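# need coordinates for the following:
(chains A, B, C and D)
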Amino acid sequence: MKIQEADAKSLLLAQGLPVPAWEVVRSAPEARAAAERAFAAGASLVVVKAQVLVGGRGKAGGVKVAADAGAAEAAAKAILALEIKGIPVRKLLVGPAADIAREYYLGAILDRVSRRIVVMASAEGGVEIEEVAKVNPGAIHRLEAHPHLGLLDWQARQLAFAVGLGGPHLRDFVQVAKGLVATMLANDADLVEVNPLAIVRETAADGSPVERLACLDAKITLDDSALFRHPALEALRDLDEEDPVDRQARDEGINFIKLDGSIGCMVNGAGLAMTTMDLVKRAGGEPANFLDIGGGARADKVAAAMRLILADPQVTAILVNIFGGITRGDEVARGLIEARAVQARDVPMVVRIVGTNAEEAAALLEANHFATASSLDDAAAKAVAAAGAAARTGPLTNPAADR
Amino acid sequence: MKIQEADAKSLLLAQGLPVPAWEVVRSAPEARAAAERAFAAGASLVVVKAQVLVGGRGKAGGVKVAADAGAAEAAAKAILALEIKGIPVRKLLVGPAADIAREYYLGAILDRVSRRIVVMASAEGGVEIEEVAKVNPGAIHRLEAHPHLGLLDWQARQLAFAVGLGGPHLRDFVQVAKGLVATMLANDADLVEVNPLAIVRETAADGSPVERLACLDAKITLDDSALFRHPALEALRDLDEEDPVDRQARDEGINFIKLDGSIGCMVNGAGLAMTTMDLVKRAGGEPANFLDIGGGARADKVAAAMRLILADPQVTAILVNIFGGITRGDEVARGLIEARAVQARDVPMVVRIVGTNAEEAAALLEANHFATASSLDDAAAKAVAAAGAAARTGPLTNPAADR
Amino acid sequence: MSILVGRETRLVVQGITGREGEFHSRAMLDYGTRIVAGVTPNKGGQQTLDGRVPVFDTVAEAVRETGANTSCIYVPAAGAPDAILEAAGAGIETIFCITEGIPALDMLRAVAVVQAAGARLIGPNCPGATSPGRAKVGIIPGSVHREGGAGVVSRSGTLTYEAVQAMTDAGIGQSTCVGIGGDPIIGTTFLDVLKLFAADPETDAIVLIGEIGGSAEEEAAAWAAEHLRGVPMAAFIAGRTAPEGRRMGHAGAIISGGSGTAADKIAALEAAGIRVAGSPTEIPAILRAAGYRA
Amino acid sequence: MSILVGRETRLVVQGITGREGEFHSRAMLDYGTRIVAGVTPNKGGQQTLDGRVPVFDTVAEAVRETGANTSCIYVPAAGAPDAILEAAGAGIETIFCITEGIPALDMLRAVAVVQAAGARLIGPNCPGATSPGRAKVGIIPGSVHREGGAGVVSRSGTLTYEAVQAMTDAGIGQSTCVGIGGDPIIGTTFLDVLKLFAADPETDAIVLIGEIGGSAEEEAAAWAAEHLRGVPMAAFIAGRTAPEGRRMGHAGAIISGGSGTAADKIAALEAAGIRVAGSPTEIPAILRAAGYRA
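Numbers count the residues shown, from 1 in each chain, chains lettered A, B, ... in the order given. The predicted structure follows:
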């Protein structure tokens, strides 16, 4: 689960990392007030940043610097009018703009190959790390944190010297790098990124100029499998940016992802569900969704999955593909029969059920006049054909539906 | 550093372990008031326990159960009049007496051989574990906690089943055992012991009888080397029970332990200091102390060590044994000369200085009329002889001292 | 012979008295797997599966009493990492973890302990392994298999059954079929299994079934290019149509930052001389085209 | 030959620019030890000890640039465990930690990491090791030594110097003299060093200098009884007069619960056929009585 920059900064702050102050606002007048407070606290510039869960905010005009409260309000108004990669901007972060001397990249990710937390640092901060990885991979320094002890001091020092952050910033860098991994461990994050980690110029209490490290942006992805033990983090889920259908699927315990095609897919098993999508495409169709009903699914779950699929008006045909292992084919067949009896909209359906209790399923499906298929390839071809036919005749309402 | 039972219980409580309520009092009337509060809270009996840092309180009469507040006051009065192994009782723990169904032993120690935290459990609780180890070693179940992950759930379960605490108490035992190790890790303890860990009978909110696990006694020893990072624990040091000379030595950074003999010893290095004591004994004398001035000691530290030794009126001779490695012999010699010039009491001194700058030291000592010795054995023999002579003539005051 | 499971497998099932554990244990017993023990804390001393399997409180006891050398874990996600550590601590050599939904950092810690103990973990979130005619451990339906010489390794569950069924239908039997699991942090990778197959005298063809996410398929392809030149191979990669940035059911199946795409994996496999099927049903034909005569 | 340190030692000194580190590094250089590098974070690029030793920011860099294979740590207690982990992480084979006052649990964690890395740690709170005529690492004064064949292993500092001086004065030289340190958790035990001496062709006699606390001397005695029957040995145990329950300077020197007494250790050593000296000065005579002809 991705969380917003402001929430990510809160998690960093909780581990004692240096994060400049910020406020989150939802309107231009609120942004103005927040900017006024920042100026009153000594800021000479403020930054207004769109809070959206997609990358490329800067390029899309979602980040602006303002020299006075009026400019901040105008910037907020402009940004709140944006859609960034299809996501309307609803929230803004407002805070003092840092006086940046130099930018670095620092990130911690869960690495599959080493099966360790890998910490990466680069002196080329402020740009996309994927870009650096392509153009100048040698500029990224990586090391594996200890699987049980986290990032050790010497490892953090090694990274600091590698990116040229020895000297006066060594101690702070060690604290930040260790704090990044601690943030990951404390919150079961997959990824914690600070980009840029910057040397910023500030004024000390005695008026003298000082330079210190600050985390100017933050990106955190949480491990969905671990959210059960972090109820406070689950609450950070940004429902504004989530499709209601996604939420419904999550509540039903169904893995569902909406796509742009016309052929709804209901499959048991994630790998088989992806394969079914791939075969629909290969047969000339476009899948409308990824849907894995999971292992051992029963009739009620089948019905719920059917509702999710039919909620998409673009769906003109449905392909059901079940390889019964734990899942019993006759249970699925019964679920399909029940679901069809009550569904609002009648769309052609091609059903393939093999494996456990496939024969009972076949009998049930035949008795209820379902179109069936034996092989996966055959099922995909039939579904694509049905969708094509439906597209020519237009959608039908279901005369059998009682609602 | 040993801490009192009540402090140990606070540390267990901080890790969420089940510890019955208690109060610490310093007088019989306070004990009465505490007992009244315990009875008011539902206790049918209260226990009054001496808070001293030595074992064998029970046998010494330092633990009493009372059925009413008057009896508690009387018990407190009696216990406060005790000296247990030479330690006057100054504090008491007062709390509800548990209704014990069964007692167990549970302890975690830092084990030198395995270099792991070893957790031990026994169904023979409430008696000294050393006694169980002698009489019925098979009754003690041991396992090593993971060096980085602490006690794992399965390990705790294994111990539970080994001592017969499966069934309804399994979950609680796992929590207690893990909490014991967590207490050790959180406080840098060498040893955390709960003896007895007991199944106690209580009454549930609905009046029905319930049995649950409770930590009825607690013993914790802290790692002296780690106290620097636990200032709150350093504050638990019981100064009441500490000899003022011990405190003075600690403040001076000198390893000093008072013994019962007459020959004061000043040595550099702990092993050599013990050896010097052993050789004094072998030569027919009795060492008055263990004293290690540490490596690289300078003149002021030598003077401080001399003050510690002479604070003991039983000291009738002093043996100084320095093997100079880091420590420079001439520095020590100078320190001895300075110290003798100001010391309140003149006692015969035998000095042996070998190693780094031994020749310069010898010249200084000779010029100042110190009795010297070449070998360690010789030094011990001369010191014993000097102490014998002093015992015959009585102590002298130092005519050269200016205070 | 076979890899990971076989006639020498002496299985202890952790979580045997749970619904899943009992259901699949029955199927394993019926298949002929030698289940010597079950473990459920506080149920030690009972007998389960119609009195055929003794239950112990701890894995250590099960190992001591029955000589179990392999474990299969059906314990729920919150307790599964501890179950893995318990198996490793008790000296189990091969640990299958079927449980899905285990937090990745728990697995990271557990894998390090398993490695240090010198044990092998397969999974988590995996369907297990079957050596047809010998033993099956996990949840793969026994009916899809046929004895033979093709080794199958896969990140998926039902997709694997689909592929294996296609092979069986085409007369290509399997030496061992291994599901390594769909999580980001797993105990045994494609590469590990390829090495085992390479060393197994009875495995004479290999099928690799991957999916989007990570780079394990690429890593395996690179090794195969160097070490498996003479071995007939086929592959399948699920997720050609998967969108970026969305987790496709499996925690590990996600394209992020443009890496882990099906196209990358297919290119790497083809570059290693391994043909990639467009559908699982094409696997048998690819193996035959690669010279396999089973 | 010799053990642990010798002509092949290429030493990196961690904390070389500190007071202790610099002082003892100078003594080591003067003795002939090959110090190839020093490490002090943020002082990389400097030269120290009159330009004779380059300083690096990290041990990894020191190893890469100079081929260091042995480390000696003078870093203060708060940073010493990390220094040990850094040395192990950089591939150093033999790590001496001179620092005293390190929390025991820090050492417990560090020792586990060192073990997993396959490195050897001596100490902490140890005086180091000297192979006379070859190299010395640590703080033992070089002047007490003489080249020869007796291996010395000890938990103490100055007591060791005393014993070694007595041997040197009596004409008995040393192959290697090792101080293993007086803390409860140490990287290398008496037993480990006995095994090294047993395997060293140039060590033909062994002296063990123990003290109260723990059971390492007993453990070593049991092994020696079985494996060192033909080797002339002598021992000394400090603390016959130490009271129970008090820590005698060294964190590890404490009799608790009646165990770890000098009497126990002396009995175990004598039972293993090793005579225990009443004074360090008696060690040469005991070695000679045991048949040693150096």
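# check contacts around the residue of the stretch 101-250 of chain C found nearest chain B.
Among the residues of the stretch 101-250 of chain C, C:Arg109 lies closest to chain B, at 6.7 Å counting by C-beta to the nearest C-beta. Just so you know, the C-beta spots here come from the backbone N, C-alpha and C atoms, and that holds for glycine as well. By C-beta atoms under 8 Å, 6 or more residues apart in numbering or on different chains, the contact set of C:Arg109 is A:147-148, B:149, C:81.
# next, the buried residues of the helix or strand harbouring it.
If you go by DSSP states H and E, C:Arg109 is part of helix C:104-117. Of all the residues in helix C:104-117, those buried under the rule 16 or more other C-beta atoms under 10 Å in any protein chain shown are C:104-115, C:117.
# the contacts of C:Arg109, buried ones only, as a PyMOL selection?
Of the contacts of C:Arg109, the buried ones go into a single PyMOL selection, burial set by 16+ other C-beta under 10 Å:
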select buried, (chain A and resi 147+148) or (chain B and resi 149) or (chain C and resi 81)
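# quick one: secondary structure of the residue nearest to C:Gly182 when sequence neighbours are not counted?
Computed as C-beta to C-beta, 6 or more residues apart in numbering or on different chains, the closest residue to C:Gly182 that is not its neighbour in sequence is C:His250, at 3.0 Å. Classification of C:His250 by DSSP: H, G, I helix; E, B strand; the rest coil places it in coil.
# just give me the neighbour total for C:His250.
28 (other C-beta atoms under 10 Å in any protein chain shown).
# which residue ranges of chain C form strands?
With DSSP state E as the criterion, chain C has strands at C:11-14, C:35-39, C:47-48, C:53-56, C:70-73, C:94-97, C:120-122, C:128-131, C:135-138, C:147-154, C:174-179, C:205-211, C:233-238, C:275-277.
# among these, show me which one is buried the most.
Among those, ranked by average contacts under mean count of other C-beta atoms under 10 Å in any protein chain shown, first place goes to strand C:11-14 (a mean of 31).
# contacts for that one?
For strand C:11-14, contacts defined as C-beta under 8 Å, 6+ apart pick out C:21, C:25, C:28, C:33-40, C:53, C:56, C:59, C:62-63, C:66, C:68, C:70-75, C:83, C:86-87, C:92, C:135, C:137.
# find the closest residue to chain C in the stretch 301-403 of chain A.
Closest residue of the stretch 301-403 of chain A to chain C, C-beta to the nearest C-beta: A:Phe323 (4.2 Å).
# in the sheet, who's paired with that residue?
According to DSSP bridges, the residues that bridge with A:Phe323 are A:Val354.
# and it, how many residues sit next to it?
A:Phe323 has 26 neighbouring residues, counting by other C-beta under 10 Å.
# who touches it in this structure?
By C-beta under 8 Å, 6+ apart, the contact set of A:Phe323 is A:268-269, A:272, A:354-355, C:158, C:161-162, C:165.
# and the stretch 1-150 of chain C, which residues reach chain B?
Proximity of the stretch 1-150 of chain C to chain B, by C-beta under 8 Å from any C-beta of the partner chain, involves residues C:41-42, C:44, C:57-61, C:79, C:82-83, C:85-86, C:89, C:109, C:113.
# tell me the SS of the residue in the stretch 51-200 of chain A that chain B sits nearest to?
Closest to chain B within the stretch 51-200 of chain A is A:His148: 3.6 Å, counting by C-beta to the nearest C-beta. Three-state call for A:His148 (three-state DSSP): coil.
# nearest residue to the single nearest residue of the stretch 51-200 of chain C relative to chain B other than its sequence neighbours?
For the stretch 51-200 of chain C, the residue closest to chain B is C:Glu86, as judged by C-beta to the nearest C-beta, at 3.5 Å. Spatially, and ignoring its direct neighbours in sequence, C:Glu86 is nearest to B:Trp154 (3.5 Å; C-beta to C-beta, 6+ apart).
# looking at this, that neighbour is in a strand?
No. Assigned with three-state DSSP, B:Trp154 falls outside any strand and is helix.
# I'd guessed A:Arg282 sits against C:Pro280; true?
No. Between A:Arg282 and C:Pro280 there is no contact under C-beta atoms under 8 Å: 11.9 Å.
# which one's more surrounded, the two?
Remark: of A:Arg282 and C:Pro280, C:Pro280 carries more neighbours, 28 against 17, as counted by other C-beta under 10 Å.
# what separation do you get for the nearest residue to the more buried one once chain neighbours are set aside and C:Val137?
Computed as C-beta to C-beta, 6+ apart, the closest residue to C:Pro280 that is not its neighbour in sequence is C:Ala163, at 4.2 Å. From C:Ala163 across to C:Val137, the span is 19 Å (C-beta to C-beta, to the nearest Å).
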